[in-house]
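In: A predicted structure for the sequence below; I have some questions about it.
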Amino acid sequence: MKVKRFFSHDWDAIAGVLAAVAAIILHLLHIADEHIILPIVLALMALLFINFMRHERNNERTADQVGQIQRMTAKIKSSLTTPDVVLVGPRQLRVANEQFARGMRGEAVLFNVCLSMYRTQVLFDALLRPAIENAQVSAIQFVLDENQKELWHAEILPKISACIAGSKVREPRWCNLDKNLSFILADTTPEGAAEALLSFWGEPFMAQSTEQSVPRYIFHIQSHSELLPHLVELERNCRLHS
């Protein structure tokens, strides 16, 4: 390593500096006159020019290599496709839900969600409160099956009413839903691009117990996914027939 470092030094520049210092000292001591100093100065100028030309070639090679890397990176990026759907597992479930709730804008639609997962205060605070208290969300519309009415009025509505912005939660649209899927749909960008969190009832997507049903896996539907218009149409049809 020491030998490699030794040869890596720019010795021609060092030699030029030493020669210039020696010439200055000799001239100050009146040992060498201008006739001797002038050739040394010219030689130093030639040495510096050669050194500059060498570094210029190295810079050109470096620029070519950087350009090649940039072109390869752009080619790789263009070949990659953004997924339409991202699967979110149990470990990232709560974080993904909270991030989605905090990023929502405008009116949010909660379609056929299982209200039992909001029964405990801890899960309500983690899963639903962030959306209610999100200042960018103007309204929250539930679309629910009629068999959840009792649970809504007994346990969920009091928790919503206790929230500061609970008034933005509208009266649910009660339907006869025989669907095995649920989703949360909302705009997530200032441009109005919608995204959704999609889940399915039953195993293995939902963990069920005697007290509550909590999603185990959810699908984050991206804004460019062709699935989004179908979810919007599904919610619209249920609303029209309610």
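Out: In hand now; what should we look at?
In: If you count contacts, what does the lengthiest strand in the chain end up packed against?
Out: As assigned by DSSP state E, the longest strand anywhere in the chain is strand 137-145. In terms of contacts (3 or more Cβ pairs under 8 Å, 6 or more residues apart in numbering; DSSP states H and E), strand 137-145 is packed against strand 105-111, helix 129-132, strand 173-175, helix 228-240. Glycine gets a C-beta too; all of them are placed from N, C-alpha and C.
In: can you do 6 Å?
Out: If you count contacts as 3 or more Cβ pairs under 6 Å, 6 or more residues apart in numbering; DSSP states H and E, strand 137-145 packs onto strand 105-111.
In: And the strand it packs on, what does it pack against?
Out: Judged by 3+ Cβ pairs under 6 Å, 6+ apart, strand 105-111 is in contact with strand 137-145, strand 181-187.
In: returning to what we had before: using CSV, list the CA coordinates for the longest strand of the chain.
Out: Listed next in CSV are the C-alpha coordinates belonging to strand 137-145 (Å, rounded to 0.1, in the frame of the first residue of the first chain):
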residue,chain,number,x,y,z
VAL,A,137,-59.5,14.8,4.4
SER,A,138,-62.8,16.7,3.9
ALA,A,139,-65.2,13.8,4.4
ILE,A,140,-65.2,10.1,5.2
GLN,A,141,-68.0,7.9,3.7
PHE,A,142,-68.5,4.4,4.9
VAL,A,143,-70.4,1.9,2.7
LEU,A,144,-71.4,-1.0,5.0
ASP,A,145,-73.5,-4.0,5.1
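In: How about residues contacting that strand?
Out: For strand 137-145, the surrounding residues in contact (Cβ atoms under 6 Å, 6 or more residues apart in numbering) are 104, 106-111, 131, 168-170, 172-173, 177, 235, 238.
In: Tell me what residue 107 is bridged to.
Out: residue 139 (DSSP bridges).
In: Give the burial count for it, as a bare number.
Out: For residue 107, the number of neighbouring residues by other Cβ atoms under 10 Å comes to 15.
In: Over to residue 205?
Out: Residues near residue 205, counting by other Cβ under 10 Å: 17.
In: for it, what are its contacts?
Out: 199, 216, 217.
In: please redo it, this time with the cut-off set to 8 Å
Out: 199, 215, 216, 217, 218 (Cβ atoms under 8 Å, 6 or more residues apart in numbering).
In: gap between the last one and residue 112?
Out: I take that to be residue 218. Distance from residue 218 to residue 112, counting by Cβ to Cβ, to the nearest Å: 14 Å.
In: quick check: domain ranges of this structure?
Out: In the domain annotation for the chain, the residue ranges read 2-79, 85-240 (automatic domain parsing).
In: Could you tell me the least trusted of those?
Out: Mean pLDDT per stretch puts domain 2-79 lowest among these, at a mean of 65.
In: ok, now how distant is residue 85 from residue 219?
Out: Distance from residue 85 to residue 219, counting by Cβ to Cβ: 5 Å.
In: Over to residue 142?
Out: On the measure of Cβ to Cβ, residue 142 and residue 219 end up 20 Å apart.
In: Residue 230 too?
Out: Distance of residue 230 to residue 219, given as Cβ to Cβ: 13 Å.
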